[in-house]
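sequence and predicted structure below; questions after.
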Amino acid sequence: MILHIVATIEISKQCIMNLNFDALRSEFPLLERKTYLNSGSYCALAKDVKAAFEAYMEDRLLVGANWDVWVTKNESVRALVAELLRAAPDEIAVTASVSAGLNALASALQFSGVRNKVIVSDFEFPTNAQIWHAQEPRGAQVVHVPRAADGYIPLEHFAEAIDEKTQLVAITHVCFRNGAKLDIPGIVRLARAKGAKVLVDCYQSVGSLDIDVKTLDVDFAVGGMLKYLLGTAGLGFMYVRDSFVKSLLPTNSGWFAQTDIGAMDITANQPAPSARRFEAGTPAVVNSYASEAGLKILLAVGTPAIEKRVYALTRRCMQRLEEIGWPSITPTRDDRRGATVAIPSRAAAQLCTQLLKRDIVTSSRDDNVRASFHYYNNDDDIESFITAMKDMRTEFVPR
């Protein structure tokens with residue numbers, strides 16, 4: 001097994017060094033059987049990630065409890081996420097999910113003063129609205145920024161909502177429903193002018209787009225491992241700007257949030273001086289093995305190159321959809337979209353089922369079929385998808 005893992009890693013390194021995307025496809029066995037356009041739901045499984053799961057099982061069989069290694073894996077994930085986001089490891093909390101991170105952050109904020117407003121948008125994933133609405137009994141006032149007539153949310157709408165009472169602007173980077181990307185730098189400028197903090201949910205963008213939290217100038221960023229980060233479910237992260245790490249004290253806590261996790265002190269809460277104070281209990285060990293492997297693959301390929309490829313693939317897909325008379329609703333401008341192309345449909349879920357019968361894996365949200373791309377996709381995937389959509393156009397295109 002060990003020789004197999006080493007051989008797989010060496011092959012991966014050679015492909016990555018040459019940035020041969022066709023060769024890199026061979027690292028994802030699923031692509032031999034399926035046209036996989038569903039990374040916005042769950043990524044394809046890489047050989048190295050599968051090997052990481054197997055390495056965990058080998059540790060369990062040979063050692064049993066291996067806490068020293070397990071904690072090291074968790075810290076490796078922290079360091080890799082920091083590298084990905086261009087942040088410091090002490091600014092990264094490794095969480096069980098985005099929900100866990102947001103709940104810890106919410107518990108550290110006060111809404112009883114003048115700044116009690118939380119701004120969200122109509123593009124949010126449910127978690128990033130529900131958790132802030134859950135703070136309403138604590139005094140939070142949640143304001144939704146609506147879409148314009150064309151379906152996008154322009155800066156003007158955020159300018160109307162953000163004021164001196166705003167404590168936090170909590171917005172998605174890319175909408176999971178339609179693939180639209182918000183103008184994060186513009187929103188940050190509006191928030192800064194009013195003295196508000198900014199949180200970006202980058203779950204639908206991180207790994208498919210190049211993200212630098214320092215350049216974006218956001219205060220918080222959240223995401224997870226199961227989509228474009230090539231890992232698995234059950235593990236997320238939260239970036240906390242260094243200037244807020246020690247000034248925010250979460251009341252959602254646990255033993256891994258303490259300064260010394262080995263102290264086992266039941267007489268007091270001693271939060272870590274780093275973003276680890278936003279963590280909770282025992283880390284998700286097996287998920288750390290898998291996510292570490294996925295992050296290493298991603299960083300080796302490089303998110304600047306991945307972003308360029310994703311934009312080319314989505315642009316090509318949208319052009320081909322136009323040609324068959326079934327245009328997407330995703331913005332055509334690169335600066336307004338992520339890795340997902342959303343196509344309106346009658347009976348979208350049924351259309352996904354019909355596509356799956358042709359070995360094309362997609363997903364649906366609202367009345368849209370979502371084709372989500374990653375660097376391991378290619379033009380052949382697009383043509384398979386377009387051919388199938390053209391064949392079923394009469395039955396499923398909106399009237």
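That came through fine.

which residue is nearest the middle of this protein?
When CA atoms, centre = their mean is applied to the chain, the residue found nearest the centroid is Y203 (1.8 Å).

from what I can see that one touches G224, true?
Yes: counting by CB atoms under 8 Å, Y203 touches G224, with 5.5 Å between them. Placement of C-beta: from N, CA and C, glycine included.

can you list residues touching both of these two?
V98 (CB atoms under 8 Å, 6 or more residues apart in numbering).

contacting residues for the residue nearest to the centre of the chain?
Taking CB under 8 Å, 6+ apart as the test, what Y203 contacts is V98, F125, T172, F176, V222, G223, G224, K227.

where does the prediction get shaky in this structure?
1-18 (pLDDT under 70).

tell me the residue in it that is farthest from the middle.
T267 (37.1 Å).

need the three-state assignment for that residue.
coil (DSSP: H, G, I helix; E, B strand; the rest coil).

distance of it from M225?
35 Å (CB to CB, to the nearest Å).

contacts for the strand ranked longest in the chain, please.
Longest strand in the chain by number of residues, with DSSP state E as the criterion: strand 166-172. Contacts to strand 166-172, defined as CB under 8 Å, 6+ apart, come from residues 109, 111, 115-121, 123-125, 128, 132, 145, 158, 162, 182, 184, 187, 190-191, 194-201, 203-204.

now, those that are in strands?
K117, V118, I119, V120, S121, V145, K197, V198, L199, V200, D201.

count of residues packed around the last one?
Using other CB atoms under 10 Å, D201 is surrounded by 26 other residues.

distance check, it against L295.
19 Å.

which residues are in contact with G40?
Contacts of G40 by CB under 8 Å, 6+ apart are F176, Q204, K227, Y228, A339, T340, S363, R370, S372.

A strand includes the first one, no?
No: read with three-state DSSP, F176 is coil and lies in no strand.

look up phi and psi at it.
phi -70, psi -20 (degrees, to the nearest 10).

can you check the fourth one too?
Geometry field for Y228 lists phi and psi as phi -80, psi 0, criterion degrees, to the nearest 10.

likewise for the fifth one?
Its backbone dihedrals place A339 at phi -90, psi 0, with angles given as degrees, to the nearest 10.

residues near the nearest residue to it once chain neighbours are set aside, how many?
With sequence-adjacent residues excluded and distances taken as CB to CB, 6 or more residues apart in numbering, A339 is closest to S208, at 3.9 Å. Other residues near S208 come to 30 when the count uses other CB under 10 Å.

check contacts around S208.
S39, Y228, I306, E307, V310, G338, A339, F373, H374.

if I look at it, how far off is D265?
42 Å.

likewise V169?
Using CB to CB, we find V169 at a distance of 37 Å from D265.

tell me which of these two has more neighbours.
Neighbour count, other CB under 10 Å: between V169 and D265, V169 has more, with 28 against 12.

partner residues bridging L209?
Here L209 sits in beta bridges with V206, going by DSSP bridges.

next, count neighbours for it.
L209: 21 neighbours (other CB under 10 Å).

if I look at it, how far off is Y375?
11 Å.

what sits in contact with each of these two?
I306, V310.

show me which of the contacts of strand 166-172 are buried.
Among these, those buried by neighbour count (16 or more other CB atoms under 10 Å) are 109, 111, 115-121, 123-125, 128, 132, 145, 158, 162, 182, 184, 187, 190-191, 194, 196-201, 203-204.

so S291 touches A233, yeah?
No: at 9.8 Å, S291 does not count as touching A233 under the criterion of CB under 8 Å.

what touches both of the two?
M225.

who's more crowded, those two?
S291 (32 against 15).

name the element the more buried one belongs to?
Assessed by DSSP states H and E, S291 sits inside helix 285-301.

identify the residues contacting that helix?
Residues contacting helix 285-301 (CB under 8 Å, 6+ apart): 12-13, 16, 19, 24, 27, 43, 46, 48-49, 51-53, 55-56, 70, 73-74, 76-77, 80-81, 83-84, 94, 207, 225, 228-235, 306, 375.

CA atoms of the next helix or strand after it as CSV?
As assigned by DSSP H and E, the chain's next helix or strand after helix 285-301 is helix 303-323. Below are the C-alpha coordinates for helix 303-323, written out as CSV (Å, rounded to 0.1, in the frame of the first residue of the first chain):
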residue,chain,number,x,y,z
THR,A,303,-5.0,28.8,-7.6
PRO,A,304,-3.9,31.6,-10.2
ALA,A,305,-3.6,28.9,-12.9
ILE,A,306,-6.8,27.2,-11.7
GLU,A,307,-8.7,30.5,-11.8
LYS,A,308,-7.6,31.1,-15.3
ARG,A,309,-8.7,27.6,-16.4
VAL,A,310,-12.0,27.8,-14.7
TYR,A,311,-12.9,31.1,-16.3
ALA,A,312,-12.0,29.7,-19.7
LEU,A,313,-14.1,26.6,-19.2
THR,A,314,-17.2,28.5,-17.9
ARG,A,315,-16.9,31.0,-20.7
ARG,A,316,-16.8,28.2,-23.3
CYS,A,317,-19.7,26.5,-21.7
MET,A,318,-21.8,29.6,-21.7
GLN,A,319,-20.9,30.3,-25.3
ARG,A,320,-22.0,26.8,-26.4
LEU,A,321,-25.2,27.2,-24.4
GLU,A,322,-26.0,30.4,-26.3
GLU,A,323,-25.3,28.6,-29.6
